[in-house]
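Asker: Give me the fold of what follows.
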Amino acid sequence: MESLQAPPSDGDVMSVVDMHTGGEPLRVVLSGYPADIPGDTLLSKRRHVGEHLDHLRKVLMFEPRGHYDMYGALVVPSELPDADLGVLFMHNQGYSTMCGHAVIALGRFAVDYKLVREPPTAPETQVNIHCPCGLVKAFVEYSEGRTGGVRFHSVPAFAFATDVSVMVEGFGEVVVDVSYGGAFYAFVSAQRFGLDVTRSRTRDLVDAATAVTKAVKSQVKLHHPTSEDLAFLYGTILTDDNDAYSSDPTANVCVFAEAQVDRSPTGSGVTARIALQHHKGLIGLNQARTFKSGATGSEFTGKAVRETMCGEFKAVVVEVAGRAFYTGTSRFVREKDDTLASGFLLK
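Answerer: Okay, the predicted model is just below:
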């Protein structure tokens, strides 16, 4: 059979590489965005794409090319001299400040697509990724031309507030913790809602977590020492309440953005959760834990590797490790007479 050729089209073309980390998708944009995103800083570039290029996010994240829980990354130049690349994260609601599963995937991607400034070296190649929350250092396993597992060191992570009481619609008073791992999350045991993160229906977990997110957003004022662009609640993580240090895995489910469910254990969530456990004296430095996704069973490992400060907050640098895999490449077309070309979502 002769090789099939792409049909002619008068529409715009966007090219991507698709990957997944622990089951959570990452769609890396190769082409289709303007070559130069205006903005002197990564945060200003993030504001620009949100204000002027958001239609392109919807094309790639929404149906018919994506789905409700799609996740993406746009590689852009960084103003930081130590960065190999900058990245803007995107999802069903907008743009995140940090994404651990994406950093793990982008570490492999950066080495394989020769985005690092120095030739790769065994056994690990360092990739400095400038995320909107700051510079994140990834370390990519490398041997005989092949990339493997990735670990990264987070920006300073800290417990923002513990044992905060909020009134949650449908559930009454709920006590939560709020912690930062490049993004802010609320943490609460799924048992508070009569749920189990590995056995309960996903819809029930989403409903409970979404209600908590809504309550915390309206009742808890967040701030970040370095930028108000970072001072927003990204989502809620329901845990199995197994926070004390143990060799057994601990499971959680993260519901973020517009009720989007993370298939992985959530890299920035693991970062924030370790910072919270360290703050409470439940885990020491360099005590590694395994974190399991309640959605897929996939696992990340994490540990606090160094104490530091973030403004007035006592903080830790957290190392998170996992594996990412390629799933394909695509060329997407937007034909001019397609009334659904701009994308749509079914909730």
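
Asker: got a list of what Ser154 touches?
Answerer: For Ser154, the contact set (C-beta atoms under 8 Å, 6 or more residues apart in numbering) comprises Met98, Gly100, Val136, Gly181, Gly182, Ser268, Thr271, Val317, Val318, Glu319, Val320. (C-beta placed from N, C-alpha, C; glycine too.)

Asker: mind running it again at 6 Å?
Answerer: If you count contacts by C-beta atoms under 6 Å, 6 or more residues apart in numbering, Ser154 has them with Thr271, Val317, Val318.

Asker: And the pLDDT at the first one?
Answerer: pLDDT, the model's per-residue confidence, is 98 for Thr271.

Asker: Then the last one?
Answerer: Val318 carries a pLDDT score of 98 in this model.

Asker: who's in contact with the helix or strand containing it?
Answerer: Here Val318, judged by DSSP states H and E, is contained in strand 313-322. With contacts defined as C-beta under 6 Å, 6+ apart, strand 313-322 is touched by 21-22, 100, 104, 151-154, 156-158, 267, 270-271, 274-275, 278, 300-309.

Asker: Can you tell me which of those are buried?
Answerer: Buried by 16 or more other C-beta atoms under 10 Å: 21-22, 100, 104, 151-154, 156-158, 267, 270-271, 274-275, 278, 300-304, out of the contacts of strand 313-322.

Asker: Looks to me like Gln191 is in a helix.
Answerer: Yes. Using DSSP: H, G, I helix; E, B strand; the rest coil, the assignment for Gln191 is a helix.

Asker: mind listing what it touches?
Answerer: Going by C-beta under 6 Å, 6+ apart, Gln191 touches Asp241.

Asker: how far away is Ala259 from His101?
Answerer: From Ala259 across to His101, the span is 18 Å (C-beta to C-beta, to the nearest Å).

Asker: out of the two, which sits in the busier spot?
Answerer: Comparing Ala259 with His101 by other C-beta atoms under 10 Å, the one with more neighbours is His101, at 31 against 18.

Asker: Next, the contact list for the residue nearest to Ala183 when sequence neighbours are not counted, please.
Answerer: With sequence-adjacent residues excluded and distances taken as C-beta to C-beta, 6 or more residues apart in numbering, Ala183 is closest to Tyr234, at 3.9 Å. By C-beta under 6 Å, 6+ apart, the residues touching Tyr234 are Ala183, Phe184, Phe256.
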